[in-house]
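Engineer: got a predicted model here, sequence first, then my questions.
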Amino acid sequence: MVQDLDFPVLSALMSERAGYDLGPERLNAVEARLGPIARREGLASVQALIRLIDPVQRPSLSWEIVEAILPADSRFFRDRDSFQLICAQLLPALAQARGGKVRVLSAGCATGQEAWSIAICAAEVGVEVEVIALDLSMRAIEKARAGVYTQFEVQRGLRTRQLVEWFERADDLWRVSNRLRSAVQFDRANLLDGLEGLGGFDLIFCRHVLSDMTHEARQRVIAGLGRALGPAGCLFLGGGEAIPEAEVLFRPVAGFRSVYVRSPAPVSRVA
């Protein structure tokens, strides 16, 4: 059983590596997620695994522990109101303004459902997109790249028509159609390190990621998102997420929940 004595070690690791705010109320979930790693290492308990945490001497094990603890809930077309706005208005307008591909960032993409949903949305309205999907978890990225999902996973958000149109049956699983794959690129990245080198984006999704971070980590990530978002772009947070730090660089769009645009730069006055 994970005990209170283990909490400072895990909390420090999660904050330093992922900016994640690990509250003590989450220790029971930690026990379930770290149990398989402890058994694989031949250890008698999760406590014994925690004693092995050493980011310098055992960096791969420390990262595996971080990835196991991070929440990974995802589903297709999550917060569907956002996708209705994107499909009906934003993608067609941006494509016309750009005269080419619309660039989209899925920051904290988990196992890929969000990125594939964006690709489906764009294909259905005839807009060419380039989706860059990033996550800290290499295990999540590998699943996202494979694009293979269980019946339970595809039932969470996909309409029957979309499933038949954009997926292929693979025994008891469903595989993303090759027609979508060229639109999405998955890579492992830590949002705390910034987004330099990726270029600018017309739309940025960073949903259900920031609310689990410490205040300092949120500030760093939001600053990076602000630098990456184009002047006429939109930032999407998760439905119901209240992130006060976001309103330093962004302002909410009236009438649309959790949608933000960049705040105008302050005008300097000459005396």
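Structural biologist: Now that the structure is in, tell me what you want to look at. Residues are numbered from 1 along each chain as shown.

Engineer: with adjacent residues omitted, what lies nearest to the most centrally placed residue in the chain?
Structural biologist: Centroid-nearest residue in the chain, with C-alpha atoms, centre = their mean: residue 108, separated by 1.7 Å. Leaving out its chain neighbours, the residue that sits closest to residue 108 by C-beta to C-beta, 6 or more residues apart in numbering is residue 209, at 3.6 Å. Where you see a C-beta, it was placed from the backbone N, CA and C, and this is true even at glycine.

Engineer: report the contact partners of the residue nearest to the centre of the chain.
Structural biologist: Residue 108 is in contact with 134-136, 191, 206-209, counting by C-beta atoms under 8 Å, 6 or more residues apart in numbering.

Engineer: hmm, 10 Å instead?
Structural biologist: Residue 108 makes contact with 70-72, 74, 114, 133-137, 140, 189, 191, 205-210, 212-213, 221, 238, according to C-beta atoms under 10 Å, 6 or more residues apart in numbering.

Engineer: show the pLDDT at it.
Structural biologist: Per-residue pLDDT puts residue 108 at 94.

Engineer: and stretch 138-146, which residues are buried?
Structural biologist: For stretch 138-146, a neighbour-count test (16 or more other C-beta atoms under 10 Å) marks 140-141, 143-145 as buried.

Engineer: likewise for stretch 94-110?
Structural biologist: Of the residues in stretch 94-110, 94-95, 101-110 count as buried by neighbour count, 16+ other C-beta under 10 Å.

Engineer: out of those, which are inside strands?
Structural biologist: 102-107 (DSSP state E).

Engineer: biggest separation within those residues, which pair?
Structural biologist: Maximum pairwise distance in these, criterion C-beta to C-beta, is 16.2 Å, between 102 and 107.

Engineer: where does the stretch 101-250 of the chain have low pLDDT?
Structural biologist: For the stretch 101-250 of the chain, no stretch has pLDDT under 70.

Engineer: where exactly do the helices run in it?
Structural biologist: Residue ranges of the helices in the stretch 101-250 of the chain, as given by DSSP state H, counting those that start in this stretch, are 113-124, 138-146, 151-155, 160-166, 178-181, 215-228.

Engineer: okay, angle between the longest one and strand 102-107 too, please.
Structural biologist: Which is helix 215-228. When axes from the mean of the first three to the mean of the last three C-alpha atoms, to 10 degrees is applied, the directions of helix 215-228 and strand 102-107 differ by 170 degrees.

Engineer: what packs against helix 215-228?
Structural biologist: Counting contacts by 3 or more C-beta pairs under 10 Å, 6 or more residues apart in numbering; DSSP states H and E, helix 215-228 is packed against helix 7-18, strand 102-107, strand 201-205, strand 229-236, strand 250-252, strand 259-262.

Engineer: can I get these in CSV including distance to residue 195?
Structural biologist: Converted to CSV, the helices and strands packed on helix 215-228 look like this (distance: least, C-beta to C-beta, whole Å):
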stretch, distance to residue 195
helix 7-18, 16
strand 102-107, 7
strand 201-205, 9
strand 229-236, 10
strand 250-252, 15
strand 259-262, 15
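
Engineer: buried residues in stretch 6-17?
Structural biologist: 6-7, 10-11, 13-15, 17.

Engineer: quick revisit: closest one to residue 167 among the helices and strands packed on helix 215-228?
Structural biologist: strand 102-107 (18.6 Å).

Engineer: in its sheet, what does the closest one sit against?
Structural biologist: Using DSSP bridges, strand 102-107 pairs in its sheet with strand 129-135 (parallel), strand 201-205 (parallel).

Engineer: out of these, which one sits most buried?
Structural biologist: Sort the strands paired with strand 102-107 by mean neighbour count, taking mean count of other C-beta atoms under 10 Å, and strand 201-205 sits at the top with a mean of 25.

Engineer: list the contacts of the nearest residue to residue 116 once chain neighbours are set aside.
Structural biologist: Using C-beta to C-beta, 6+ apart and skipping the chain neighbours, the partner closest in space to residue 116 is residue 176 (5.7 Å). For residue 176, the contact set (C-beta under 10 Å, 6+ apart) comprises 112, 115-116, 119-120, 144-149, 166-168, 184.
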